[in-house]
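Chemist: Kindly generate the corresponding structure for this input.
(chains A and B)
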Protein chains: 2
Amino acid sequence: MPPRMKSGGRLVVIGGDAAGMSAASRARRLRPDVEIVVLERGDIVSYGACSLPYYISGVVESRDDLIVHAPEFFRRERHIDVRTGTEAVQLKPRDRTVVCRTAFGEESITYDTLVLATGAKAIRPPLPGVELPGIFTLRSIPDGDAIRDRLAALGAATPQGETGAETVPGAIRAAVVGGGYIGLEMAEALVARGVRVTIIELLPSVLSTYDKDMSDLVLRELLDRNVIVRTDTRVEGFEGGSDGHVGCVLAGGQRLSTDIVLMSVGVRPRVELASAAGIDLGRSGAIAVDPRQITSEPGVLAAGDCAESPHIVTGRSTWIPLGTTANKHGRIAGENAVGADIRFAGVAGTNVTKIFGLEVAQTGLSTAAAEREGFAPDSVRITGTTRSHAYPGSGRITVKLVFEQQTGRLLGGQMVGVEGVAKRIDILATALAAQMDVHALAALDLSYAPPFAPVWDPILIAANQAVKKLAR
Amino acid sequence: MPPRMKSGGRLVVIGGDAAGMSAASRARRLRPDVEIVVLERGDIVSYGACSLPYYISGVVESRDDLIVHAPEFFRRERHIDVRTGTEAVQLKPRDRTVVCRTAFGEESITYDTLVLATGAKAIRPPLPGVELPGIFTLRSIPDGDAIRDRLAALGAATPQGETGAETVPGAIRAAVVGGGYIGLEMAEALVARGVRVTIIELLPSVLSTYDKDMSDLVLRELLDRNVIVRTDTRVEGFEGGSDGHVGCVLAGGQRLSTDIVLMSVGVRPRVELASAAGIDLGRSGAIAVDPRQITSEPGVLAAGDCAESPHIVTGRSTWIPLGTTANKHGRIAGENAVGADIRFAGVAGTNVTKIFGLEVAQTGLSTAAAEREGFAPDSVRITGTTRSHAYPGSGRITVKLVFEQQTGRLLGGQMVGVEGVAKRIDILATALAAQMDVHALAALDLSYAPPFAPVWDPILIAANQAVKKLAR
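Modeler: Model (predicted):
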């Protein structure tokens, strides 16, 4: 049961990111009669990390565009007591108290209910030289500012597309360590700034949550855009250059000169506060929650990148930190923290990104993930066109479906194409939520018009192939 | 039970459009050992009507692009005996015989199984002067050729964008009678050819399968593009001009000068052959079929625009002639005609089109249709953005959800927006197939990245509104 909240009670939210501010806002909407306090370590609230690469590239022109609302907005319009520069350092659930540190010292605040929205942090592996200036991670707006400052100092082309001091394209070199989403999005952003990029990836392929047959399509696009990609390559350390900044990366036994390094090897949930307070963590290391976002400690809820979610395909708890989930978590935790009783339906891990000229998306389980989760998966992969054969401007789209060998139940899907991927993946996300099999998928009445799809949508072509494969 | 087909038996398909050729091709795939004959009145097979407006505008440059395969392809590659210029004039189910007319006279052909793919024809209401030259309908490639010829004779700008003899934009005037899909797509095509267009619609709004609050968004776009739209206006007749072609339209008590008229007041299934042979028609006037596409006459199947379909929302038979359905019908009828046993899951009536700068789509029932079908519908309508607030180039998208007042079950959806509509509607089409309610819809894990969607997809925003409305 979610906690009750008496009139005049106090909700404290730790963390002012999208999840935290969403929780605070939803709580306020339901309950004008309670006190709501948000404790945020930094200066900024109500931000997401998803637009940061576009801030580096200059596609997003203004830093202000990254922030939905300023703290003053929440204070004034929503009567939410947003305390920036306030770091929660200890949680005492028995006393319903949070100890905070500010510029003026320590203080304690009591709560009736608490929402942990402590988010995730970028991993910085303890490699020799990893603390050198010029080595960055990208999770926050200050991270983005620091990267922009360094690019400006190096003389990179400006985000407005004006050539920088180093006018020769590729004169500035960047190493991106880790070929996940952020790494690839940053590779694109750096190329847009005239920088020569090398991606260094430990695994045999980029985008390791995708099956290799799909991520190889993305790899080809990276190579076509003159990005150097070194897979199966371990980074051993970094060395300083003449200006005291990082000057080279030691990787795979080689010494690669570089002017800037982006570490994008993944993120980890921020759980120190919860863990020290005796709150249970899940198998993934993130905070364990029930479908109401309540932790093992009554009165404490968790939301966003610090918390686990039920997976709608496996039924098990999982940790897939994404902005969409953070917003949903925040909403549910915020409402339940002040007396509502709503549940989170779970995640399919649906995600999409743009990598140069490609849209890349997935939902549910890859073949590899399905095997890890104990399914016996089969799959089909087809390449079709994005428009009717008569209509100009059509391009390629590749659809992969993963399904259960015995039953044909859909387990997941992946897509790579030049257009029409972003919302097409959601057809599969919806089918997963409905536990459809590939027969039901093949029978869908999907939209068709020459500018938008062929008469047999690529999803239907793939589903029909899967049906045929099952019949064998 | 579908009919059995002995080796060496003969399948006759009447009609060589997408449904007919799809039936013939699927039958051949399953059974290399049977004879397959297609009887086609015209010269062309394997075409669809959907791209014709783009052929008029010049977006589709070549007439050949409208045709997927030539008759020779089917004869040579698929051993299908395609007989063009061969009109089926009588069907004798007891004798399993079709009487045909060709340039050389009448002949009869026997069959073991028959697929009727006779399609639909454009309605030409019996108005005074409706047979004047210069008044066109658009269903077939010859129709498209005729319109292109007339536009060339009038001196319209060429499809390649070169100015024609009548260099003043708008010097040539067209009247489009009927503001459905084809009418609006043709309005856009004619504007692209430099023609001044007036749409005349009998009903109070264009796109009458949409609710008026949604079609009004399209109406505004038409007006913004300098198309004149006269709703609530009845066409009374036509008069000839000085050159013997149509010269004016009599409509709503007025006389509108025009150089060309497109009649797009709807289509009707071609059922004369079936009807005369005693085959049952459905409530809609199209041929009644079971889920295996079998008609009331054993051994005779029907597919495409001449046949009804089960509606996945109402469970009742309906007639919604669309290319996607025609292809699925063809596949199922073709396979079942030679011994398979597969069923059609039904239609949601999902459709999409591009009207100037808007994408316009619907699936399932509108509010008006839901009321007609005996539901007690409620609805929500929201306008959101197509991209994240930080990402440039975002535009408006309006989403309407229609759902059952008591249960929240989704009944249909409509969307109008500048991008991202075509495949986003398919999320709703999938949700309809799964009989989801708006709670399930609001819980979907849909994709998000700044270039493609806001973090709360407009569908989720609408679904959350619907959930709120239900709770009241």
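Chemist: Would you mind listing the buried residues in stretch A:433-446?
Modeler: Judged by neighbour count (16 or more other Cβ atoms under 10 Å in any protein chain shown), stretch A:433-446 contains these buried residues: A:433-434, A:436-446. Where C-beta positions appear, they are placed from N, C-alpha and C, glycine not excepted.
Chemist: can you pull out the helices in chain A?
Modeler: Here chain A has its helices, by DSSP state H, at A:18-30, A:52-57, A:71-78, A:141-154, A:181-192, A:212-224, A:272-276, A:323-337, A:367-372, A:424-433, A:438-442, A:458-471.
Chemist: one step back: of the buried residues of stretch A:433-446, which are in range of chain B?
Modeler: On the criterion Cβ under 8 Å from any Cβ of the partner chain, A:433, A:434, A:436, A:440, A:443, A:444, A:445, A:446 are the entries of those that sit beside chain B.
Chemist: Help me confirm that the last one comes into contact with residue B:429.
Modeler: Yes - using Cβ atoms under 8 Å as the test, residue A:446 is close enough to residue B:429 to be in contact (6.0 Å).
Chemist: And for the residue most central in space within chain A, nearest residue in space, chain neighbours not counted?
Modeler: Most central residue of chain A, judged by C-alpha distance to the mean C-alpha position with Cα atoms, centre = their mean, is residue A:322 at 3.9 Å. With sequence-adjacent residues excluded and distances taken as Cβ to Cβ, 6 or more residues apart in numbering or on different chains, residue A:322 is closest to residue A:351, at 6.0 Å.
Chemist: Let me see the contact set for that neighbour.
Modeler: Applying Cβ atoms under 8 Å, 6 or more residues apart in numbering or on different chains, one finds that residue A:351 lies in contact with A:181, A:322, A:361, A:362, A:363, B:447, B:448, B:449.
Chemist: and if we set it to 7 Å?
Modeler: Residue A:351 makes contact with A:322, A:361, A:362, B:447, according to Cβ atoms under 7 Å, 6 or more residues apart in numbering or on different chains.
Chemist: of all the residues you listed, which two lie farthest apart?
Modeler: The largest separation in the contacts of residue A:351, counting by Cβ to Cβ, is between A:322 and A:361 at 12.3 Å.
Chemist: Pipe the helices of chain A into CSV and attach mean pLDDT per row.
Modeler: Listed next are the helices of chain A as CSV, based on pLDDT from 0 to 100:
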stretch, mean pLDDT
helix A:18-30, 97
helix A:52-57, 96
helix A:71-78, 96
helix A:141-154, 96
helix A:181-192, 97
helix A:212-224, 98
helix A:272-276, 98
helix A:323-337, 97
helix A:367-372, 98
helix A:424-433, 98
helix A:438-442, 98
helix A:458-471, 96
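Chemist: Give the burial count for whichever residue of the stretch 201-350 of chain A sits closest to chain B, as a bare number.
Modeler: Across the stretch 201-350 of chain A, no residue is closer to chain B than residue A:345, which sits at 3.5 Å (Cβ to the nearest Cβ). Residues near residue A:345, counting by other Cβ atoms under 10 Å in any protein chain shown, number 19.
Chemist: cool, the one 3 residues further on as well?
Modeler: Residues within reach of residue A:348, counting by other Cβ under 10 Å, total 30.
Chemist: just residue A:142 next, same as before
Modeler: As a burial measure, the neighbour count of residue A:142 was computed by other Cβ under 10 Å and equals 11.
Chemist: Ok, residue A:257 next?
Modeler: 12.
Chemist: I'd say it and residue A:250 touch.
Modeler: No - taking contact to mean Cβ atoms under 7 Å, the distance of 11.2 Å between residue A:257 and residue A:250 leaves them out of contact.
Chemist: Look up the closest residue to residue A:237, ignoring the ones flanking it.
Modeler: The shortest distance from residue A:237 to any residue other than its chain neighbours is 3.6 Å, reached at residue A:128 (Cβ to Cβ, 6+ apart).
Chemist: so what's the residue nearest to residue A:106 when sequence neighbours are not counted up against?
Modeler: Of all residues not flanking residue A:106 in the chain, residue A:99 sits nearest, at 6.1 Å (Cβ to Cβ, 6+ apart). Residues in contact with residue A:99, defined by Cβ under 7 Å, 6+ apart, are A:89, A:90, A:106, A:108.
Chemist: Can you pull the residues of the stretch 51-200 of chain A lying near chain B?
Modeler: Contact residues, the stretch 51-200 of chain A versus chain B (Cβ under 7 Å from any Cβ of the partner chain): A:51, A:54, A:59, A:60, A:65, A:66, A:68.
Chemist: Tell me which two of the residues you listed sit farthest apart.
Modeler: Greatest spatial distance among these (Cβ to Cβ): A:59 and A:68, at 17.7 Å.
Chemist: Which residue, other than its chain neighbours, is closest to residue A:282?
Modeler: If the residues on either side of it in the chain are set aside, residue A:282 comes closest to residue A:288, at 3.9 Å by Cβ to Cβ, 6+ apart.
Chemist: Touching, residue A:320 and residue A:349? I think so.
Modeler: Yes - contact status for residue A:320 versus residue A:349: in contact at 4.6 Å, counting by Cβ under 7 Å.
Chemist: out of these two, which sits in the more crowded spot?
Modeler: With neighbours defined as other Cβ under 10 Å, residue A:320 and residue A:349 compare such that residue A:349 has more, 24 against 19.
Chemist: Tell me who's in contact with the more buried one.
Modeler: A:320, A:363, A:364.
Chemist: mind redoing it with 6 Å?
Modeler: With contacts defined as Cβ atoms under 6 Å, 6 or more residues apart in numbering or on different chains, residue A:349 is in contact with residue A:320.
Chemist: Now do it against residue A:369, distance only.
Modeler: With distances taken as Cβ to Cβ, to the nearest Å, residue A:349 is found 9 Å from residue A:369.
Chemist: One more: residue A:132?
Modeler: Note on residue A:132: its distance to residue A:369, by Cβ to Cβ, is 35 Å.
Chemist: quick one, which of the two is more surrounded?
Modeler: Here residue A:132 and residue A:369 are set side by side on neighbour count (other Cβ under 10 Å), and the busier one is residue A:369, at 23 against 17.
Chemist: Tell me the backbone dihedrals of residue A:140, please.
Modeler: Here the main-chain torsion angles of residue A:140 (degrees, to the nearest 10) amount to phi -130, psi 170.
Chemist: give me the number of residues near it?
Modeler: 20.
Chemist: quick one, strands of the stretch 101-250 of chain A?
Modeler: Taking DSSP state E, counting those that start in this stretch to define them, one finds strands in the stretch 101-250 of chain A at A:105-110, A:113-116, A:120-122, A:135-136, A:173-177, A:196-200, A:228-230, A:235-240, A:246-251.
Chemist: avg pLDDT for the last one?
Modeler: Per-residue confidence for strand A:246-251 averages out to 98 on the pLDDT scale.
Chemist: Would you give the sheet partners of that strand, along with the direction of each?
Modeler: Sheet pairing for strand A:246-251, assigned by DSSP bridges, gives strand A:235-240 (antiparallel), strand A:254-257 (antiparallel).
Chemist: still on that earlier bit, which of residue A:59 and residue A:68 has more neighbours?
Modeler: Residue environment comparison for residue A:59 versus residue A:68 gives the larger neighbour count to residue A:59, 20 against 17, counting by other Cβ under 10 Å.
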